[in-house]
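1. let's see this in three dimensions:
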Amino acid sequence: MTSTVRRSILERLIRAGLQVTPDALGYLLSADSPLELADSIIQSMDSASSPVVLTREYVQSCIDRTAPEVIDDQAPLVLMSGPDSGPSAAADAAAPPAPDTDSVHSIQVLKNPAASMVGSAGTVDDFLALFTDRFRRIKRMYMGRVDTHDAVSIEVLKQKKISPRRRRKPDDVGEFSEPVPSYTVIGMVRDKRVSRQGNVTIDFEDFEGSITCVIPGSREGPDGRKLLESGNSILLDEVICVSGRLDQPGRMIADRVTFPDVPIPRDIGRAKRDVYAVFISDLHCGSYHFLEDEFDRFISWISGHDLDSTERSMVDQIEYLFIAGDLCDGVGVYPGQQDDLRIPDIAEQYAYVARKLRNVPEHVKIVCIPGNHDACRQALPRPPIPNEFAKPLYDLGERLLMMGDPCHLRVEGVNILITHGDSLDDLTTQLPGVTYEKPDLAMKALLQKRHLAPVYGGKTELAPLTRDWMVVDTPPDIVHFGHAHHNVCDNYRQVQIINSGCFQRQTEFMKKQGIKPTPGIVTLLNLRTFSPEIKLFYSFEDQSAGDTRIS
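-> Next up is the predicted model:
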């Protein structure tokens, strides 16, 4: 009887995408009604905060009706806009409106760095709190995986017996000694070096201590790939998991490097109806190089003008427009920028943007975040663009939603993560193969690391807060970047990756930075089928207009 119940419980957990530790399974079997208990645990699972591997403690907390630890304690803000909604719908977080079947838009704000939440005194304690929070959040991801949940602390590892370099010769009985033990540890990277032989050496630490790890450049990992690939992709200040053996006090030799990564399989959000979202970024209004004619053609097209027969149905179903930062060109962002500005006043630049966006059809919900050119602080996370600079945009009312960077939304049941992508500046110099023309490689790496800006002290500024807003707690269904000025649409572990290009010709500053833009390319996505579409509003035949090209 017990074996039959055991098999039934395991089958139900596997179908739900869950795993269970032996002691947790034994605890389930000892309950009065194990099958009913297993079903209730499965039904109560929340993919955003529940573990993949069920431990005895988690099962006990479910039985005792005690909620397990939830990392992201920010309550979702539900925004429903429709014929009867008013301006207060976006502001009343205490009493979110009930779902309305007649509503045009369905948006839940899962994470948004409001100005009141991202202030800091910049003390040593603030910096310590930032990295402590980062470590705890990402360590929790590792502890929820079946292959890394048995990780030990660095202090415990140091107390283990030093392992020989190879197995000893057979003893007198003719039997081999025990295999070399392997240990798994989780730590934050403090330093990284590459030897002349191509070995990568890292120093990483946890709350209890630090250790040096050598990643052999010639050794293959469990997946058949060279460990050197994983070693070269390690960044400072990221949280990694390493398995290997101790070969001398305070040093281990790695045989596997694991990143938190995006789990598969998992629940994938999809809209229940055919509705399209449009993704753009980097308008740079106010610059002489802003492609005004091309942007006007885009607005005209989204408004239903000059459509062919194949486009009419798609355009009629467009209900969301996401803009991933750099709405205007800003002032004093880079040396000599004043020579590139047609509108030198920042407030007038935003007024100009507002006049353009006012022509977007009223049934299309616009969501904006700030970029590094916008009138906002440079340090991430960025709060929404202040009203004092962008009042004309706020005057658009409920037609436009101003969010911070990064923000995480649930739109029509689809999880969308939007960030401008400042960390691309660091990754182009620190990750092999990553360039501004291949931003998808950087975006995949950041998803693999579950962090949008791991490196501290580089080109990307990070604010010392008690919470690390750049950690990707919940894997998105769509991740939307800008900044690279290069349009890319790809997929990584069932996550739709979009870098939305720009509406600006190549400037002299871009040339110096090695940026070759692909302007006037708009990405559209059906939120039910996840079928991406590309629409061009710029003629790449005219190479003399800014020396742009698709590569």
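2. low-confidence stretches in the stretch 451-551 of the chain?
-> Residue ranges of the stretch 451-551 of the chain with pLDDT under 70: 541-551.
3. if we go to 80?
-> Residue ranges of the stretch 451-551 of the chain with pLDDT under 80: 540-551.
4. helices of this protein, residue ranges please.
-> For the chain, applying DSSP state H gives helices covering 2-15, 22-29, 34-44, 56-63, 124-143, 154-158, 227-232, 292-302, 312-316, 346-357, 387-394, 424-430, 439-449, 508-513.
5. mind checking the ones you listed for the one nearest to Tyr183?
-> Across the helices of the chain, Tyr183 has its closest neighbour in helix 154-158 (5.3 Å, CB to CB). Every C-beta, even on glycine, is put in place using the N, C-alpha and C of the backbone.
6. packing partners for that closest one?
-> Applying 3 or more CB pairs under 8 Å, 6 or more residues apart in numbering; DSSP states H and E, one finds that helix 154-158 contacts strand 183-194, strand 210-215.
7. contact partners of stretch 26-35?
-> Contacts to stretch 26-35, defined as CB atoms under 8 Å, 6 or more residues apart in numbering, come from residues 2, 5-6, 8-9, 12, 20, 37-38, 56, 59-60, 63.
8. what is the burial count for Glu437?
-> 20 (other CB atoms under 10 Å).
9. in this structure it contacts His486, no?
-> Yes. In this structure, Glu437 is within contact of His486 by CB atoms under 8 Å, at 5.4 Å.
10. re earlier: now, among the contacts of stretch 26-35, which is nearest to Ile302?
-> Closest to Ile302, out of all of the contacts of stretch 26-35 and judged by CB to CB, is Arg12, at 46.6 Å.
11. so how far is Leu29 from that closest one?
-> Look at Arg12 and Leu29: by CB to CB, to the nearest Å, they are 13 Å apart.
12. contacts for stretch 296-308 next, please.
-> Here stretch 296-308 has contacts from 278, 280, 311-312, 315-316, 318, 321, 356, 359-361, 364, 503, 520, 522, 535, 537, using CB under 8 Å, 6+ apart.
13. show me those residues that map onto strands.
-> Counting by DSSP state E, the part of the contacts of stretch 296-308 found in strands is Val278, Ile280, Ile318, Leu321, Val522, Lys535.
14. just send these back as JSON lines, with neighbour count and distance to Asp247 too.
-> Putting those into JSON lines (neighbours: other CB atoms under 10 Å; distance: CB to CB, whole Å) gives the following:
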{"residue": "Val278", "neighbour count": "23", "distance to Asp247": "55"}
{"residue": "Ile280", "neighbour count": "23", "distance to Asp247": "53"}
{"residue": "Ile318", "neighbour count": "20", "distance to Asp247": "59"}
{"residue": "Leu321", "neighbour count": "24", "distance to Asp247": "56"}
{"residue": "Val522", "neighbour count": "23", "distance to Asp247": "55"}
{"residue": "Lys535", "neighbour count": "17", "distance to Asp247": "57"}
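15. farthest pair within those?
-> Leu321 and Lys535 (12.9 Å).
16. which residues are common contacts for the two?
-> With CB under 8 Å, 6+ apart, Leu321 and Lys535 have no common neighbours.
17. related to what we said a few turns ago, need the helices of the chain in a markdown table with mean neighbour count and distance to Ser210, can you?
-> Formatted as a markdown table, those follow (neighbours: other CB atoms under 10 Å; distance: least, CB to CB, whole Å):
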| stretch | mean neighbour count | distance to Ser210 |
| --- | --- | --- |
| helix 2-15 | 13 | 37 |
| helix 22-29 | 16 | 31 |
| helix 34-44 | 16 | 38 |
| helix 56-63 | 17 | 28 |
| helix 124-143 | 17 | 13 |
| helix 154-158 | 18 | 6 |
| helix 227-232 | 20 | 18 |
| helix 292-302 | 17 | 52 |
| helix 312-316 | 14 | 55 |
| helix 346-357 | 20 | 45 |
| helix 387-394 | 16 | 44 |
| helix 424-430 | 20 | 22 |
| helix 439-449 | 23 | 20 |
| helix 508-513 | 14 | 36 |
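18. Tyr334 is nearest to which of these?
-> Here helix 508-513 is closest among the helices of the chain (CB to CB), at 5.0 Å.
19. ok now the closest one, how far from the chain's centre?
-> Centroid displacement of helix 508-513 relative to its chain, using CA atoms, centre = their mean, to the nearest Å, is 27 Å.
20. for that helix, name the packing helices and strands.
-> Checked by 3+ CB pairs under 8 Å, 6+ apart, helix 508-513 has no helix or strand packed alongside it.
21. got the CA coordinates for that helix in PDB?
-> Coordinates of each C-alpha in helix 508-513 appear next as PDB, following Å, rounded to 0.1, in the frame of the first residue of the first chain:
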ATOM      1  CA  GLU A 508      30.000  60.900 -33.900                       C
ATOM      2  CA  PHE A 509      29.900  59.700 -30.300                       C
ATOM      3  CA  MET A 510      28.400  56.400 -31.500                       C
ATOM      4  CA  LYS A 511      31.200  55.900 -34.000                       C
ATOM      5  CA  LYS A 512      33.800  56.400 -31.200                       C
ATOM      6  CA  GLN A 513      32.000  53.800 -29.100                       C
END
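22. if we can go back for a sec, quick one: which of the helices and strands packed on helix 154-158 is nearest Met403?
-> Nearest of those to Met403, taken as CB to CB: strand 183-194 at 28.9 Å.
23. and the angle for the closest one with strand 210-215?
-> Interaxial angle, strand 183-194 versus strand 210-215 (axes from the mean of the first three to the mean of the last three CA atoms, to 10 degrees): 70 degrees.
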